[in-house]
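Novice: Predicted model follows, preceded by the sequence.
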Amino acid sequence: MREEVADCVKELVAIGFVKIDYSSIAASLTNKAIGQTMKGAIDAARLKEISAGLGKWLVIKEPANFAEIAEYFSDAGLAGEALHYAEAAAQRFEERFNNSEAARFYQMALGNATDEIKKKMLSRSVARMGILTGRYKDAIASVEGLLKSGDETLE
């Protein structure tokens with residue numbers, strides 16, 4: 001696994017997508033705009049492979065970086081891992097009163113959830129964040145979805 005991650009990082013360094021500080025072996029994106037451009041230029045299968053490698057690498061090197069790990073695992077199509085880290089990121093953003101980012105990561109977690117109970121819980125969180133951020137249409141849509149699914153335990 002580590003060889004795969006190292007190969008992905010080396011490839012990203014070679015194309016200028018990642019900088020490596022050799023003294024600490026820490027990688028960082030040089031620019032989010034460049035990152036988005038590169039994501040659009042790489043074929044889908046290779047992007048998934050690179051994203052999975054970077055997500056696994058971050059789990060080892062920066063395990064508390066929940067948001068970035070969630071994004072990589074989501075891009076890689078690793079739903080279980082993406083769900084775990086997206087939910088953790090959402091909770092951390094909510095604790096810090098960054099409700100717009102919390103809403104984004106609860107939505108990401110919901111998109112990766114497969115268990116119906118988990119989906120209901122995350123839908124409630126999406127609705128709550130919609131209310132707190134003034135996105136009332138999103139909140140109403142989440143609540144209506146819960147009611148249609150037979151959830152009568154809404155406050």
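Specialist: Structure's in. What do you need?
Novice: Poorly predicted segments of the protein, please.
Specialist: Scanning the chain with the threshold set as pLDDT under 70 gives 1-2, 4-6, 9, 13, 16-42, 151-155.
Novice: Show me where it has its helices.
Specialist: For the chain, helices defined by DSSP state H occupy the ranges 2-14, 32-41, 44-61, 66-76, 79-95, 99-112, 116-132, 136-148.
Novice: Only C-alpha atoms, please: export the third one in CSV.
Specialist: Which is helix 44-61. Once non-C-alpha atoms are left out, helix 44-61 reads as follows in CSV (Å, rounded to 0.1, in the frame of the first residue of the first chain):
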residue,chain,number,x,y,z
ALA,A,44,-11.7,9.1,-14.4
ALA,A,45,-10.0,5.8,-13.6
ARG,A,46,-6.6,7.3,-13.0
LEU,A,47,-8.1,10.2,-10.9
LYS,A,48,-9.8,7.6,-8.7
GLU,A,49,-6.5,5.7,-8.3
ILE,A,50,-4.6,8.9,-7.4
SER,A,51,-7.3,10.1,-5.1
ALA,A,52,-7.4,6.8,-3.2
GLY,A,53,-3.6,6.9,-2.9
LEU,A,54,-3.6,10.4,-1.6
GLY,A,55,-6.4,9.7,0.9
LYS,A,56,-4.6,6.7,2.2
TRP,A,57,-1.3,8.7,2.5
LEU,A,58,-3.1,11.4,4.4
VAL,A,59,-4.6,8.9,6.8
ILE,A,60,-1.1,7.9,7.7
LYS,A,61,0.6,11.3,7.7
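Novice: list the buried ones in that helix?
Specialist: Within helix 44-61, the residues that qualify as buried by neighbour count (16 or more other Cβ atoms under 10 Å) are Leu47, Glu49, Ile50, Ser51, Ala52, Gly53, Leu54, Gly55, Lys56, Trp57, Leu58, Val59. The way it works is simple: take the backbone N, C-alpha and C, and place the C-beta from them, glycine included.
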